[in-house]
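Trainee: task: produce atomic coordinates for the following.
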Amino acid sequence: MAIEDNKVVGIEYTVKDASTGEVVDSNVGGAPLEFITGKNQIIPGLEKKIKEMSAGEEADILVKAEEAYGQKDENAVQKLPREQFEGIDLKKGMTLYGQGENGETVQVTVVDFDDKEVTIDFNHPLAGKDLMFNVKVVSERDATAEEVMTGQVQKDEHCDSGSCGCSH
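Mentor: Here you go, the predicted structure:
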């Protein structure tokens, strides 16, 4: 039974770098990741496979780089003057957040630095990597009209028992 667009789906997942087996991220034991299908809120290769599942189902899903964070773009590695990083205790491999040309938040990785310049990489840290997800669909429901319009999952705000944050 396939999941259609405009559904709110909650998943529990562990994702590993497919080539090294290193765990990259996991929400197991925490709150499920909820997203609205058809809104490009998660990587395309993962959403495509989740839409083939149903609530309660668990699967291992291999997502190739092209359907995850894309291939690494060598043009996205740039050298910038050290002065632009004044007051930052730079370390190789650290993640910095800045503002892009259109005011959006951009994430960069410090590749290298010296007294004069800093080499940063605008690629997503998982660009160029195939990812292996272990996913369990823990919930599925129709998105409300407001959720479909805004693309934001609405949390249940009312609490009958007085303990907020409860899941129904």
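Trainee: which element follows the helix or strand of the chain with the lowest mean pLDDT toward the C-terminus?
Mentor: Least confident helix or strand of the chain, by mean pLDDT, DSSP states H and E, is strand 95-99 with a mean of 87. For strand 95-99, the following helix or strand on the C-terminal side (DSSP states H and E) is strand 105-113.
Trainee: can you tell me the closest non-neighbouring residue to the spatially most central residue of the chain?
Mentor: Nearest to the mean C-alpha position of the chain, by CA atoms, centre = their mean, lies residue 42 at 6.1 Å. Spatial nearest neighbour of residue 42, excluding adjacent residues (CB to CB, 6 or more residues apart in numbering): residue 35 at 5.3 Å. (Glycine included, C-beta is placed from N, CA and C.)
Trainee: check contacts around residue 94.
Mentor: 109, 110 (CB atoms under 8 Å, 6 or more residues apart in numbering).
Trainee: same thing but 6 Å
Mentor: residue 110 (CB atoms under 6 Å, 6 or more residues apart in numbering).
Trainee: I'd like to know how many residues surround the nearest residue to residue 88 once chain neighbours are set aside.
Mentor: Ranked by CB to CB, 6+ apart and with sequence neighbours excluded, the top spatial neighbour of residue 88 is residue 96, at 7.1 Å. Per other CB atoms under 10 Å, the neighbour tally for residue 96 reads 14.
Trainee: circling back: the one helix or strand the residue nearest to residue 42 maps to pairs with which strands, and in what direction?
Mentor: Using DSSP H and E, residue 35 falls within strand 33-36. Take DSSP bridges as the rule and strand 33-36 pairs in its sheet with strand 7-17 (antiparallel).
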